[in-house]
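Q: Using only what follows, build the 3D model:
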Amino acid sequence: MESNPIISSRRNIYFYFLFWLVVILINFLLLNLALKLDAATSISDSLVFNLILSGLGLSFWYSTRYIPFENTAFYRIIINHIIGAGFISAIWLLSGYLIMKSLPGFDSSYENFFITTLPWRFLIGVLIYFVITSFYYLIIYYSGFQERKLHESELRNLVTQAELKSLKFQINPHFIFNSLNSMSALTTIDPEKARGMILKLAEFLRYTLANNEQQKNKLRAELKNIKLYLEIEKIRFEDKFDYLEEVSDECLEAEVPNMLLQPLFENAIKHAVYESLEIVRVRLKCGSENGYLKIEVENTYDPETKSKKGTGVGLKNIQERLKLIYGQENLMQIVKDNGVFRVLLFVPQQPS
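A: Residues are numbered from 1 along each chain as shown. You can find the predicted model right below:
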């Protein structure tokens, strides 16, 4: 069972003590000024009855924990607390009366006063019981609400991580499949080139496995791996494509999602280089723009040539990963214009 939230925190103890100090002061003024009870008796009455009630108030926590809102019918809660309030008020008044009776100066006039005010005292005891109990229920609800929010946040995070891993795992098999096809074609035509391709693929996969658990990487490292990929494809396609790069030093140190660019270059090779009879220009450009890293990957293509139909995994993968990581849906644009296929990525950058 959870500990009492008042006694578990020094600050809460201070606030509880301050609350009862105010109640004692109001009680004293009411007895002394309104009901014309002498000062000494007013002080004694206020201290005795309110100190007892403040001590009993700490025990109300356990009744709220024993009668939770979640698993108990509302009418049962009300009935149980009405009985509890009556029982507590009776104990409170009896114990307070016995203590007051034992104090010096107690006489029949106070006894008559006590009996006269007994119904009001009983109602005040019931009211205080329900005020403190309601306060405890609010604490329980708020704590539960915070726990649910934390749990939901952790669950959403786990789901997001699982989705991101799933998307990342789609990239490597996709690329390996294409590379194996290329090597298979070369084994009979040019075994030496196939061997070189295998060695470079092994180096590429070593890098990929070493960084697979990282969610983000510096663009410098990503481009190093991209160049390794292009070297693999150069073995197969030789001079059928040129690669140009326009990247500032600032961009090279910026962080981007791991393996984000790989599908773009695969797309260029598969749908432009593979199909074209002319030399294809593949260009990467990067710069900063309004708090975003703007990355452009473009390739020329022959509009008259019918491109191979793909599964669409690569571009959709990029869009989904950007959405999951940054929570924005407008971070990718695709433009086709005058024989140039261009993909623009906007990667949010945290200010340094």
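Q: Could you pull out the buried residues of stretch 222-234?
A: By 16 or more other C-beta atoms under 10 Å, the buried positions in stretch 222-234 come out as 222-223, 225-226, 229-230, 232-234. Backbone N, C-alpha and C define where each C-beta goes, glycine included.
Q: ugh, wrong one, stretch 8-26
A: Buried residues in stretch 8-26, defined by neighbour count with 16+ other C-beta under 10 Å: 16, 20, 23-24.
Q: do the same with stretch 48-68
A: In terms of neighbour count (16+ other C-beta under 10 Å), stretch 48-68 has its buried residues at 48-50, 52-54, 56-57, 60-61, 63-64, 67.
Q: From residue 114, how far off is the residue in the chain sticking out farthest from the centre?
A: Checked against the mean C-alpha position of the chain, the extreme residue using C-alpha atoms, centre = their mean is residue 108, at a distance of 65.7 Å. The spacing between residue 108 and residue 114, counted by C-beta to C-beta, to the nearest Å, is 10 Å.
Q: go on, residue 76?
A: Taking C-beta to C-beta, one finds residue 76 at 34 Å from residue 114.
Q: for this structure, which spans come out with low pLDDT?
A: Within the chain, the set of residues satisfying pLDDT under 70 comprises 1-2, 153-175, 178, 208-213, 306-313, 351-352.
Q: what residues go with each domain of it?
A: Listed domain ranges for the chain are 10-152, 190-348 (source: automatic domain parsing).
Q: Can you check the distance spanned by the first one, start to finish?
A: This means domain 10-152. End-to-end distance of domain 10-152 (C-alpha to C-alpha, to the nearest Å): 30 Å.
Q: could we number from 59 for the rest of this?
A: OK, 59 is where the count begins now, so the last one is domain 68-210.
Q: roughly how far is it from the heart of the chain?
A: Per C-alpha atoms, centre = their mean, to the nearest Å, the displacement of domain 68-210 from the mean C-alpha position of its chain is 40 Å.
Q: for residue 66, helix, strand, or coil?
A: Under the three-state scheme (DSSP: H, G, I helix; E, B strand; the rest coil), the conformation of residue 66 reads as coil.
Q: Got the phi and psi for it?
A: Residue 66 has phi and psi values of phi -80, psi -10 when expressed as degrees, to the nearest 10.
Q: for residue 405, same thing?
A: Main-chain torsions, residue 405, degrees, to the nearest 10: phi -100, psi 110.
Q: give the contact list for it.
A: With contacts defined as C-beta atoms under 8 Å, 6 or more residues apart in numbering, residue 405 is in contact with 312, 314-315, 318, 350-351, 353, 380, 384, 389.
Q: And residue 354, by the same measure?
A: Neighbouring residues of residue 354 by C-beta under 8 Å, 6+ apart: 341-344, 400-403.
Q: Can I get those residues in TSV including neighbour count and distance to residue 257?
A: Listed next are those as TSV, based on neighbours: other C-beta atoms under 10 Å; distance: C-beta to C-beta, whole Å:
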residue	neighbour count	distance to residue 257
341	17	27
342	20	25
343	17	30
344	23	29
400	15	33
401	22	30
402	15	34
403	22	31
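Q: Quick one: the strands in the stretch 209-358 of the chain, in order.
A: Assigned by DSSP state E, counting those that start in this stretch, the strands in the stretch 209-358 of the chain fall at 274-276, 299-305, 313-315, 338-347, 350-358.
Q: Just the CA coordinates for the second one, please, in CSV.
A: The one in question is strand 299-305. Included here for strand 299-305 are C-alpha records, laid out as CSV according to Å, rounded to 0.1, in the frame of the first residue of the first chain:
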residue,chain,number,x,y,z
PHE,A,299,26.8,7.6,-64.0
ASP,A,300,28.7,10.5,-62.4
TYR,A,301,28.3,11.5,-58.8
LEU,A,302,28.6,15.2,-57.7
GLU,A,303,28.5,16.5,-54.2
GLU,A,304,27.9,20.0,-52.8
VAL,A,305,28.0,19.8,-49.0
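Q: strands paired with that strand, and their directions?
A: Using DSSP bridges, the strands paired with strand 299-305 are strand 338-347 (parallel).
Q: circling back: who has more neighbours, residue 134 and residue 172?
A: Each of residue 134 and residue 172 has its neighbours counted (other C-beta atoms under 10 Å); residue 172 has more, 18 against 10.
Q: Please give the element, helix or strand, for that one.
A: Residue 172 is part of helix 166-247, with elements assigned from DSSP states H and E.
Q: Residue 134 now?
A: Applying DSSP H and E as the criterion places residue 134 in helix 132-160.
Q: Which strands or helices does that helix pack on?
A: With contacts defined as 3 or more C-beta pairs under 8 Å, 6 or more residues apart in numbering; DSSP states H and E, the packing partners of helix 132-160 are helix 97-124, helix 166-247.
Q: of all those helices, which lies closest to residue 62?
A: Across these, the minimum distance to residue 62, taken as C-beta to C-beta, is reached by helix 97-124, at 4.5 Å.
Q: Phi, psi for residue 392 please.
A: The phi/psi pair for residue 392 (degrees, to the nearest 10) reads phi -120, psi 130.
Q: helix, strand or coil for the closest residue to it other than its chain neighbours?
A: Nearest residue to residue 392 in three dimensions, chain neighbours excluded: residue 401, at 5.6 Å (C-beta to C-beta, 6 or more residues apart in numbering). Going by three-state DSSP, the secondary structure assigned to residue 401 is strand.
Q: Just give me the neighbour total for residue 146.
A: The number of residues packed near residue 146 is 22, by other C-beta under 10 Å.
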